[in-house]
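K.L.:
from the sequence below, what's the structure:
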Amino acid sequence: MPELVEALVRAAAIGIGATALMDVWGLVRSRWLRMAAPDYGLVGRWIACLPRGRFRHDPIGATPRVRGERAIGWTAHYLIGIAFAAVLLAAWGLDWAGQPSLAPALIVGIGSVAAPFLLMQPGMGAGLAARRTPRPGHARLHSVLNHTVFGIGLYLAAVAANGLAVFQARMV
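P.N.:
Now for the predicted structure:
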(Lines give C-alpha, C1' and ligand atoms only; values in the text may rest on other atoms or scores of the structure.)
Protein backbone atom coordinates (compact mmCIF):
# COMPACT_ATOMS: atom_id res chain seq x y z
CA MET A 1 0.00 0.00 0.00
CA PRO A 2 1.45 3.44 -0.88
CA GLU A 3 2.59 5.42 2.14
CA LEU A 4 0.06 8.25 1.70
CA VAL A 5 -2.84 5.79 1.46
CA GLU A 6 -1.59 3.92 4.51
CA ALA A 7 -1.30 7.19 6.44
CA LEU A 8 -4.87 8.19 5.51
CA VAL A 9 -6.27 4.77 6.42
CA ARG A 10 -4.42 4.74 9.74
CA ALA A 11 -5.44 8.34 10.50
CA ALA A 12 -9.07 7.44 9.86
CA ALA A 13 -8.93 4.31 12.04
CA ILE A 14 -7.02 6.01 14.86
CA GLY A 15 -9.09 9.21 14.74
CA ILE A 16 -12.42 7.38 14.71
CA GLY A 17 -11.32 5.11 17.54
CA ALA A 18 -10.05 7.99 19.67
CA THR A 19 -13.16 10.07 19.05
CA ALA A 20 -15.40 7.13 19.91
CA LEU A 21 -13.54 6.67 23.21
CA MET A 22 -14.02 10.37 23.92
CA ASP A 23 -17.76 9.92 23.26
CA VAL A 24 -17.95 6.91 25.59
CA TRP A 25 -16.18 9.01 28.23
CA GLY A 26 -18.82 11.72 27.68
CA LEU A 27 -21.61 9.20 28.36
CA VAL A 28 -19.88 7.87 31.47
CA ARG A 29 -19.22 11.40 32.68
CA SER A 30 -22.84 12.41 32.16
CA ARG A 31 -24.09 9.44 34.20
CA TRP A 32 -21.50 9.44 36.97
CA LEU A 33 -21.00 13.18 37.35
CA ARG A 34 -24.48 14.18 36.15
CA MET A 35 -22.96 16.52 33.59
CA ALA A 36 -24.62 17.23 30.28
CA ALA A 37 -23.01 15.46 27.34
CA PRO A 38 -21.65 17.74 24.61
CA ASP A 39 -24.30 18.89 22.13
CA TYR A 40 -22.70 18.47 18.72
CA GLY A 41 -25.84 19.90 17.16
CA LEU A 42 -24.68 23.29 18.43
CA VAL A 43 -21.29 22.69 16.82
CA GLY A 44 -23.13 21.86 13.60
CA ARG A 45 -25.12 25.10 13.89
CA TRP A 46 -21.91 27.07 14.35
CA ILE A 47 -20.25 25.36 11.37
CA ALA A 48 -23.33 25.82 9.19
CA CYS A 49 -23.25 29.56 9.88
CA LEU A 50 -19.58 29.95 8.89
CA PRO A 51 -20.19 30.01 5.09
CA ARG A 52 -22.84 32.65 5.73
CA GLY A 53 -20.14 34.90 7.20
CA ARG A 54 -21.09 34.47 10.83
CA PHE A 55 -18.24 33.31 13.05
CA ARG A 56 -19.37 34.62 16.43
CA HIS A 57 -22.63 33.96 18.24
CA ASP A 58 -23.74 35.34 21.56
CA PRO A 59 -24.56 32.58 22.55
CA ILE A 60 -24.96 29.85 19.94
CA GLY A 61 -28.11 28.59 21.69
CA ALA A 62 -29.85 31.85 20.79
CA THR A 63 -29.10 31.40 17.08
CA PRO A 64 -32.00 29.78 15.19
CA ARG A 65 -31.66 26.08 14.44
CA VAL A 66 -30.15 25.06 11.12
CA ARG A 67 -31.46 22.15 9.11
CA GLY A 68 -29.20 19.11 9.59
CA GLU A 69 -27.15 20.73 12.37
CA ARG A 70 -26.90 17.53 14.42
CA ALA A 71 -25.58 15.52 11.45
CA ILE A 72 -23.20 18.36 10.55
CA GLY A 73 -21.92 18.53 14.13
CA TRP A 74 -21.40 14.80 14.58
CA THR A 75 -19.73 14.48 11.18
CA ALA A 76 -17.42 17.40 11.98
CA HIS A 77 -16.63 15.90 15.41
CA TYR A 78 -15.35 12.68 13.81
CA LEU A 79 -13.58 14.45 10.92
CA ILE A 80 -11.78 16.66 13.44
CA GLY A 81 -10.72 13.53 15.35
CA ILE A 82 -9.33 12.08 12.11
CA ALA A 83 -7.54 15.37 11.37
CA PHE A 84 -5.81 15.32 14.76
CA ALA A 85 -4.81 11.68 14.21
CA ALA A 86 -3.30 12.82 10.89
CA VAL A 87 -1.39 15.54 12.75
CA LEU A 88 -0.02 12.87 15.08
CA LEU A 89 1.10 10.73 12.15
CA ALA A 90 2.57 13.73 10.33
CA ALA A 91 4.59 14.69 13.40
CA TRP A 92 5.73 11.23 14.52
CA GLY A 93 5.42 9.28 11.26
CA LEU A 94 3.97 5.94 10.30
CA ASP A 95 6.65 4.27 12.40
CA TRP A 96 4.79 5.57 15.46
CA ALA A 97 1.62 3.86 14.24
CA GLY A 98 3.54 0.59 13.97
CA GLN A 99 4.88 0.91 17.51
CA PRO A 100 2.63 3.39 19.31
CA SER A 101 3.74 5.07 22.51
CA LEU A 102 1.61 7.10 24.87
CA ALA A 103 3.55 10.39 25.06
CA PRO A 104 3.06 11.57 21.44
CA ALA A 105 -0.64 10.66 21.61
CA LEU A 106 -1.07 12.66 24.82
CA ILE A 107 0.83 15.62 23.37
CA VAL A 108 -1.52 15.75 20.39
CA GLY A 109 -4.62 14.90 22.43
CA ILE A 110 -4.05 17.50 25.13
CA GLY A 111 -2.75 19.97 22.53
CA SER A 112 -6.00 19.59 20.61
CA VAL A 113 -7.78 21.47 23.41
CA ALA A 114 -6.46 24.62 21.74
CA ALA A 115 -9.16 24.22 19.05
CA PRO A 116 -12.13 24.64 21.39
CA PHE A 117 -10.33 27.17 23.62
CA LEU A 118 -9.26 29.44 20.76
CA LEU A 119 -11.87 28.82 18.03
CA MET A 120 -15.05 27.04 18.97
CA GLN A 121 -15.76 28.47 22.42
CA PRO A 122 -15.17 32.09 21.36
CA GLY A 123 -17.16 31.51 18.17
CA MET A 124 -20.05 29.93 20.03
CA GLY A 125 -20.28 32.76 22.56
CA ALA A 126 -18.47 31.15 25.51
CA GLY A 127 -15.44 33.40 25.15
CA LEU A 128 -11.76 32.58 24.94
CA ALA A 129 -11.13 29.38 26.92
CA ALA A 130 -14.73 29.46 28.21
CA ARG A 131 -14.19 32.70 30.14
CA ARG A 132 -17.81 33.79 29.61
CA THR A 133 -19.32 30.61 31.07
CA PRO A 134 -20.77 30.51 34.59
CA ARG A 135 -17.84 28.36 35.83
CA PRO A 136 -14.86 28.96 33.53
CA GLY A 137 -12.39 26.94 35.62
CA HIS A 138 -14.75 23.98 35.67
CA ALA A 139 -15.32 24.21 31.91
CA ARG A 140 -11.58 24.42 31.23
CA LEU A 141 -10.80 21.46 33.49
CA HIS A 142 -13.37 19.30 31.75
CA SER A 143 -12.15 20.36 28.30
CA VAL A 144 -8.62 19.33 29.25
CA LEU A 145 -9.89 16.04 30.73
CA ASN A 146 -11.92 15.29 27.58
CA HIS A 147 -8.93 15.97 25.35
CA THR A 148 -6.68 13.88 27.61
CA VAL A 149 -9.12 11.00 27.10
CA PHE A 150 -8.91 11.71 23.37
CA GLY A 151 -5.11 11.44 23.59
CA ILE A 152 -5.38 8.12 25.42
CA GLY A 153 -7.81 7.09 22.70
CA LEU A 154 -5.28 7.98 20.00
CA TYR A 155 -2.81 5.62 21.66
CA LEU A 156 -5.31 2.79 22.27
CA ALA A 157 -6.76 3.06 18.76
CA ALA A 158 -3.24 2.91 17.28
CA VAL A 159 -2.47 -0.18 19.38
CA ALA A 160 -5.71 -1.79 18.20
CA ALA A 161 -5.17 -0.81 14.55
CA ASN A 162 -1.59 -2.07 14.71
CA GLY A 163 -2.74 -5.36 16.22
CA LEU A 164 -5.34 -5.75 13.48
CA ALA A 165 -2.73 -5.02 10.78
CA VAL A 166 -0.38 -7.63 12.27
CA PHE A 167 -3.23 -10.15 12.44
CA GLN A 168 -4.21 -9.48 8.81
CA ALA A 169 -0.59 -9.83 7.66
CA ARG A 170 -0.36 -13.23 9.34
CA MET A 171 -3.57 -14.35 7.63
CA VAL A 172 -2.20 -13.63 4.14
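K.L.:
please enumerate the helices of this structure.
P.N.:
Assigned by DSSP state H, the chain shows helices spanning 3-32, 40-49, 69-98, 102-111, 114-115, 121-123, 136-171.
K.L.:
which one of these lies nearest to residue 55?
P.N.:
helix 121-123 (5.3 Å; CB to CB). Just so you know, the C-beta spots here come from the backbone N, C-alpha and C atoms, and that holds for glycine as well.
K.L.:
coming back round to it: so for residue 62, which of the helices of the chain sits nearest?
P.N.:
helix 40-49 (10.5 Å).
K.L.:
orientation of that closest one relative to helix 69-98 in degrees?
P.N.:
Using axes from the mean of the first three to the mean of the last three CA atoms, to 10 degrees, the direction of helix 40-49 lies 100 degrees away from that of helix 69-98.
K.L.:
what's helix 40-49 packed up against?
P.N.:
helix 69-98 (3 or more CB pairs under 8 Å, 6 or more residues apart in numbering; DSSP states H and E).
K.L.:
got the buried residues for the helix it packs on?
P.N.:
Buried residues in helix 69-98, counted by 16 or more other CB atoms under 10 Å: 69-70, 72-74, 76-78, 80-82, 84-89, 92, 96-97.
K.L.:
gap between the lowest-mean-pLDDT helix or strand in the chain and the chain center?
P.N.:
Sorting the helices and strands of the chain by mean pLDDT, DSSP states H and E puts helix 136-171 at the bottom, at a mean of 86. In terms of CA atoms, centre = their mean, to the nearest Å, the centre of helix 136-171 is set 10 Å apart from its chain centre.
K.L.:
from now on call the first residue 471
P.N.:
New numbering, starting at 471: the last item is helix 606-641.
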